[in-house]
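1. sequence-free structure coming up:
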């Protein structure tokens, strides 16, 4: 049972990582720099209100151009996404080649931590603040 869950975690994250790289590649190569078709976000297209992740792609573009501060101002989730897109594949490849499951174990630990009310509330507050920041900037 644990092995099946671990495989599911790794498979899911590989799919997410590949999708993330495809989207970032599209954003960096296929369109004019810093200009994406508007609106890209389905939530914003329907409600006209930016979602908590609106601006993340632009933030990653600006980060890749070398401007960390501006990237964080656009959307801190862009920096987080870029770090995760760099770290997670290396970590999962390390586990694969060495026959370990450290990524899956950390994922399970984080999942358990998020079930604690005080941690979940903190994450919700941080996400809400980011969302308010996006609404304020009208990303």
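-> Thanks, I have the structure now. Quick caveat, the model's predicted, so the values are computed rather than measured.
2. now the helix or strand hosting residue 104: mean pLDDT?
-> In this structure, residue 104 is located in helix 102-114 according to DSSP states H and E. In this model, helix 102-114 carries a mean pLDDT of 93.
3. residue ranges with poor pLDDT in the protein?
-> Residues of the chain that meet the criterion pLDDT under 70 lie in 1-4, 30-39, 139.
4. returning to that earlier point: centre of the chain to the helix holding residue 104, how far?
-> 17 Å (CA atoms, centre = their mean, to the nearest Å).
5. please apply the same query to stretch 97-106.
-> Taking the mean C-alpha point of stretch 97-106 and that of its whole chain, the gap between them comes to 21 Å (CA atoms, centre = their mean).
6. how about the nearest residue to the residue positioned nearest the centre of the chain, chain neighbours excluded?
-> For the chain, the residue nearest the mean C-alpha position is residue 81 (3.6 Å; CA atoms, centre = their mean). Leaving out its chain neighbours, the residue that sits closest to residue 81 by CB to CB, 6 or more residues apart in numbering is residue 56, at 5.6 Å. C-beta coordinates here come from the backbone N, C-alpha and C atoms, glycine included.
7. which residues touch that neighbour?
-> Taking CB atoms under 8 Å, 6 or more residues apart in numbering as the contact definition, residue 56 lies against 75, 77-78, 81.
8. as JSON lines, those with distance to residue 49 and secondary structure would be great.
-> As requested, the contacts of residue 56 are arranged in JSON lines below (distance: CB to CB, whole Å; DSSP: H, G, I helix; E, B strand; the rest coil):
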{"residue": "75", "distance to residue 49": "15", "secondary structure": "coil"}
{"residue": "77", "distance to residue 49": "16", "secondary structure": "helix"}
{"residue": "78", "distance to residue 49": "19", "secondary structure": "helix"}
{"residue": "81", "distance to residue 49": "21", "secondary structure": "helix"}
